[in-house]
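**Q** the amino acid sequence is not available; the structure is as follows:
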Ligand code: ATP
Ligand code: MG
């Protein structure tokens, strides 16, 4: 099955992303990602045999064990790919290094279990549109918000339907560090 690891986005980040997505409707043509699919991909594994899914779950548990929730702020819009068929996304103004650290921990835990992933450099972002035409250069001001990222999930991606469907297979809640533990 096709797998990836991503963080989910709680309020108020989710609300802000919905607003940004709405404002894009007036000025950019392309395919909109459904808000219930908003996420930040930490590692894309691609096809993984069923028997190895449990290893990916273990990797997630290990990588998140000592990871507190990450305080982030949404930031600017950006794009990947060709201007007529771009992946259009909203990035982060705060929490970039922490998200990078978490992605690194997840990737390392996958690797120690013999699981591979796309090793392209990590750029934390939430994809809002695909096949977006950004040739006009006119993009709205994104709505920004501060919030906490506290859920890391192993998703199965099903591309057989009209639109991608992401099914959560395993969810880890990030726990605030216990101050007593920290002192030890
Ligand atoms: P579609 O491919 O139909 O446009 P999608 O990209 O949302 O849909 P997937 O291709 O299964 O669905 O990707 C799931 C997640 O993993 C998305 O966030 C996607 O951007 C990311 N992703 C996909 N391929 C890669 C890759 N090679 N490297 C890094 N991230 C990837
Ligand atoms: Mg894809």
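**A** Looks like it arrived, so ask away. As the structure is a prediction and not an experimental result, all values here were calculated from the model. Ligands and ions are numbered 1, 2, ... in the order given.

**Q** could you point out the longest strand in this structure?
**A** For the chain, the strand with the greatest residue count under DSSP state E is strand 70-80.

**Q** relative to that one, what are the paired strands and their orientations?
**A** In the sheet, strand 70-80 lines up against strand 86-94 (antiparallel), strand 146-149 (antiparallel) (DSSP bridges).

**Q** the helices in this structure, which residues?
**A** Assigned by DSSP state H, the helices in the chain fall at 13-25, 53-64, 96-112, 179-183.

**Q** mean confidence score for the second one?
**A** Just to be clear, that refers to helix 53-64. Across helix 53-64, the average pLDDT comes to 98.

**Q** outside of that helix itself, list whatever touches it.
**A** The contact list for helix 53-64, computed with C-beta atoms under 8 Å, 6 or more residues apart in numbering, reads 1, 3, 5, 45, 48, 102, 105-106, 108-110, 112-115, 152, 154, 169-170, 172, 174. C-beta here means a position set from N, CA and C on the backbone, and glycine is covered the same way.

**Q** enumerate the residues of this structure near ligand 1.
**A** With C-beta under 6 Å from any ligand atom as the criterion, the chain meets ligand 1 at residues 2, 4, 41, 44, 118, 120, 127, 130, 157, 159, 164.

**Q** between these, which has the most around it?
**A** Neighbour counts for these (other C-beta atoms under 10 Å) peak at residue 4, which has 21 neighbours.

**Q** leaving out chain neighbours, which residue sits closest to that residue?
**A** In space, residue 4 comes closest to residue 44 once its chain neighbours are excluded; the distance is 4.6 Å by C-beta to C-beta, 6 or more residues apart in numbering.

**Q** look up how far residue 66 lies from that neighbour.
**A** According to C-beta to C-beta, to the nearest Å, residue 44 stands 24 Å off from residue 66.
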